[in-house]
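Enquirer: Sequence and predicted structure below; questions after.
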Amino acid sequence: TTFTEVLPEALISREAWIGWYTIGAIGMTMLYSGLGVGSTALLEEKQRGCLHKILASPITPSDLILGKILSGILSLSITSVAIIVFGVFVCGAKIYWSPLRAEHWIVPIMLLVLSSLTLGMGSILSLMVKSVRGASSLSTSLGLMTAFMTGIWFPREWFPAWMRVLADYNPATWAVDAIRNVIVFEAGLMEVAHYVIGATLAALIVLAIGVVVYRRMLRKYLER
């Protein structure tokens, strides 16, 4: 009798899995760093005694807020690019991006959206704390829970039903899924359009609330 060895067919290649986790690493970094930067941006200046000097200069509160947000976005963007380079050239991740494909421009847009979303969330957190240490601890704890409960680090299929609901309706998950589907699984524009629209609208709303929070903090500081 002759036996033929039959091996199970892999639904996702090893390289694609590494790509999946590479984008997950970006999501986790965005959550940790974005929440941390957003929650401590003004508290650090206040704690160092520099905030009053900055506000006494020709810089307006709007300039200060815009500068903090843009510096946070730039820092997170550089980190994201570094993670992708490491994932592709060191770990062998399957990640493909071409400037000639329209849908691939979703990736930098979603990175911008994700960083804006986490920075806005961080600024809202700053209302709940009074020190840099408290803000850092709260943002780290929340970032860890969010990363594990929203499918950014683990596939949502592994979760119980109630956790899948949290993941399915989380804007950070939408942004990460849009990036994954486009540059790892080569999805088309229409396949991720709902993720892009949902994540962008959520980021704009959260960031707007964050700016209002920053303005309120600065106003209260100036009234003292």
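Expert: Here it is on my side, so go on.
Enquirer: Need the residues that contact the helix-or-strand element of the chain with minimal mean pLDDT.
Expert: In the chain, the helix or strand scored least confidently by mean pLDDT, DSSP states H and E is helix 51-56, which has a mean of 74. If you take C-beta atoms under 8 Å, 6 or more residues apart in numbering as the criterion, helix 51-56 is touched by Leu42, Glu45, Pro61, Leu64, Leu218, Tyr221, Leu222. Yep, even glycine has a C-beta here, placed from its N, CA and C like the rest.
Enquirer: And stretch 13-28, by the same measure?
Expert: Contact with stretch 13-28 is made by 12, 79-80, 83-84, 86-88, 91-95, 111, 114, 143, 147, 152-153, 172, 175-176, 179-180, 183-185, as judged by C-beta under 8 Å, 6+ apart.
Enquirer: again with stretch 141-158
Expert: Stretch 141-158 is contacted by residues 21, 24, 27-28, 31-32, 35-36, 125, 159, 163-164, 166-168, 170, 172-173, 176-177 when judged by C-beta under 8 Å, 6+ apart.
Enquirer: So which of those residues sit within helices?
Expert: Among those, the members falling in helices are 21, 24, 27-28, 35-36, 125, 163-164, 166-168, 172-173, 176-177 (criterion: DSSP state H).
Enquirer: Among these, name the buried ones.
Expert: The neighbour count (16 or more other C-beta atoms under 10 Å) marks 21, 24, 27-28, 35-36, 125, 163-164, 167, 172-173, 176-177 as buried among the ones in helices among the contacts of stretch 141-158.
Enquirer: Among those residues, which one sits closest to Ile205?
Expert: When those are compared for distance to Ile205 (C-beta to C-beta), Ala172 comes out closest, at 13.5 Å.
Enquirer: Let me know whether the closest one touches Ser115 as I believe.
Expert: No. Shown here, Ala172 and Ser115 do not form a contact pair, counting by C-beta atoms under 8 Å, at 10.6 Å.
Enquirer: hey, what's in contact with both of those two?
Expert: Counting by C-beta under 8 Å, 6+ apart, the residues touching both Ala172 and Ser115 are Met30.
Enquirer: just the helices in the protein please.
Expert: Using DSSP H, the helices of the chain run over 14-29, 35-47, 51-56, 61-89, 106-125, 132-149, 161-168, 171-183, 189-223.
Enquirer: which sections of this protein are below the confidence cut-off?
Expert: Regions of the chain meeting the criterion pLDDT under 70 cover residues 1-11, 222-224.
Enquirer: Any idea how many residues pack against the nearest residue to Leu125 once chain neighbours are set aside?
Expert: When the adjacent residues along the chain are set aside, Leu125 lies closest to Ser39, with 4.3 Å between them (C-beta to C-beta, 6 or more residues apart in numbering). Ser39 sits with 30 neighbouring residues when counted by other C-beta atoms under 10 Å.
Enquirer: and Ser39, what does it touch?
Expert: Under the criterion of C-beta under 8 Å, 6+ apart, the contact partners of Ser39 comprise Gly122, Ser123, Leu125, Ser126, Val129, Ala135, Ser136, Leu138, Ser139.
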